[in-house]
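Undergrad: Predicted coordinates and the sequence they were generated for:
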Amino acid sequence: MRIDILTILPKLLEGPFNDSILKRAQTKELVEVHIHNIRDYAANKQKSVDDYAFGGGAGMVMQIQPIADCIEKLKGERGYDEILYMTPDGVRFNQKEANQLSMKKNIMILCGHYKGVDERLREQYITKEISIGDYVLSGGELAAAVVSDAIIRLIPGVLNDETSALTDSFQDDLLAPPVYTRPADFNGMKVPDVLLSGNLKEIEKWRYEKALERTKNRRPDLLDSEEI
Ligand code: 6GU
């Protein structure tokens, strides 16, 4: 898989992709991540990438030219399965979307700023508009990192057994159950007996019950009616 991210703040994205699982995925050549500075494509002398909104109002709008040129250049080099635009007015991102995107070959992600990008860019190039939740971030970069992380860890070979995605929260529409490690007794706070019992069937049952209980309490919206 290849992910191209278009941003005016490339430094913001360096950290998340240069550590831990996302870094290893690139070293193992399971994913290529390319970050493009939109400002490099600005055709004007001042290298400006934003301007006042037609019709007035507060906030700047990201201009069409630098972004269109960057997208056109990349599209000339390869086909893209999706061109995503990160925006708080997009469709809410979830695990199902992450699963689907993890099976694509080439994905482009455009990070918005200020009051957003010129609408004509969205009409002309964007195949999917994504929000990561009901709150507003200063820009799309952190959201792009979130979405990329959720996608990349699902690519076969990225995770090992210990970090397996199979037992994640949401993979079966249930939140994950509580987990414990040594010591079994910390200042009198004890690990549930069943986890020390060695009875795999009982442990599975306990984990399922706890996952269900946690989901009912915190995210009842995730449960189908027959499970409640
Ligand atoms: Cl994708 N971008 C911004 N700027 N804010 C957000 C978001 C995205 N998702 C939630 N809030």
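TA: Perfect, thanks for sending it. If you're wondering where the values come from, they're calculated on a predicted model, not measured in any experiment.

Undergrad: per-residue confidence at the residue nearest the centre of the chain?
TA: Geometric centre of the chain, nearest residue: Val147, 1.1 Å, by Cα atoms, centre = their mean. On pLDDT, Val147 comes in at 98.

Undergrad: which residue sits closest to it, ignoring its sequence neighbours?
TA: Phe93 (5.9 Å; Cβ to Cβ, 6 or more residues apart in numbering). No exception for glycine: its C-beta is placed from N, CA and C like everyone else's.

Undergrad: burial of the one you found, as a residue count?
TA: 21 (other Cβ atoms under 10 Å).

Undergrad: For it, give me its contacts.
TA: Contact analysis of Phe93 by Cβ atoms under 8 Å, 6 or more residues apart in numbering lists 130-133, 146-147, 150.

Undergrad: So the helix or strand hosting the residue nearest to the centre of the chain, near the ligand or not?
TA: Using DSSP states H and E, Val147 sits in helix 141-152. Yes - using Cβ under 6 Å from any ligand atom, helix 141-152 reaches the ligand at Ala143.

Undergrad: So for the lengthiest helix in the chain, mean pLDDT?
TA: In terms of residue count, the longest helix belonging to the chain (DSSP state H) is helix 200-218. In this model, helix 200-218 has an average pLDDT of 98.

Undergrad: Begin at 324 from now on, thanks
TA: Fine by me, first position is 324 from now on; the one you just mentioned is helix 523-541.

Undergrad: Can you list the neighbours in contact with it?
TA: Taking Cβ under 8 Å, 6+ apart as the rule, helix 523-541 contacts 496-501, 515, 517-518, 520, 545-546, 550-551.

Undergrad: quick one: which of these is most hemmed in?
TA: Busiest of the contacts of helix 523-541 [other Cβ under 10 Å] is Leu497, holding 22 neighbours.

Undergrad: Thr504 versus that one, what's the distance?
TA: 22 Å (Cβ to Cβ, to the nearest Å).

Undergrad: where does stretch 387-401 sit relative to the chain's centre, distance-wise?
TA: Stretch 387-401 sits 23 Å away from the centroid of its parent chain (Cα atoms, centre = their mean, to the nearest Å).

Undergrad: Looking at the contacts of Phe416, which one is closest to Ala421?
TA: Ala473 (4.1 Å; Cβ to Cβ).

Undergrad: strands paired with the lengthiest strand in the chain, and their directions?
TA: In the chain, with assignment by DSSP state E, the single longest strand is strand 405-415. Strand 405-415 sits in its sheet next to strand 429-434 (parallel), strand 451-454 (parallel), going by DSSP bridges.

Undergrad: Which residues does it contact?
TA: Residues contacting strand 405-415 (Cβ under 8 Å, 6+ apart): 394, 420, 424, 427, 430-435, 439-440, 444-445, 448-460, 463-464, 466-467, 470.

Undergrad: repeat that with 6 Å
TA: The contact list for strand 405-415, computed with Cβ atoms under 6 Å, 6 or more residues apart in numbering, reads 430-435, 448-454, 459, 463, 466-467.
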